[in-house]
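Engineer: Structure of the sequence below:
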Amino acid sequence: MMNEEATMLALGAIAHRSRLAIFKALAAAGPRGLSAGEISAQLKIVPSSLSFHLKEMTRAALLSARREGTYIYYSAEESVVVGVIDFLAENCLATMRRVE
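Structural biologist: Predicted coordinates:
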């Protein structure tokens, strides 16, 4: 179960059009992930902006990175999004249900 701080960090990191597109592309790529160059080409995000977004998403634990030779491959950490959803359902929806 994620705590409130981790949930807010993940929500803040993914609440941007480019970062959401990056996460969707990485989730579709599966465990192999994509290199920064592949993400940049696929989404037409310039490398300097992409680097910033990847750093923010990695800091929020939404992505993992692994080095293969000179390339860094990024993968979506789907378990973090599931944790965010679980946190919201348990802490917000449960409260809404009690109010009704």
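Engineer: and Q42, how many residues sit next to it?
Structural biologist: Residues contacting Q42 under the criterion other Cβ atoms under 10 Å number 14. All C-beta atoms are positioned from the backbone trio N, CA, C, and that covers glycine.
Engineer: Now name the helix or strand holding it.
Structural biologist: Using DSSP states H and E, the element containing Q42 is helix 36-43.
Engineer: what about stretch 14-26, distance to the chain center?
Structural biologist: 7 Å (Cα atoms, centre = their mean, to the nearest Å).
Engineer: same check, this time on stretch 80-91
Structural biologist: 14 Å.
Engineer: Give the rounded mean pLDDT of that stretch.
Structural biologist: Here stretch 80-91 scores 91 as its mean pLDDT.
Engineer: Show me what counts as buried in that stretch.
Structural biologist: Of the residues in stretch 80-91, those buried under the neighbour-count criterion (16 or more other Cβ atoms under 10 Å) are V80, V81, G83, V84, F87.
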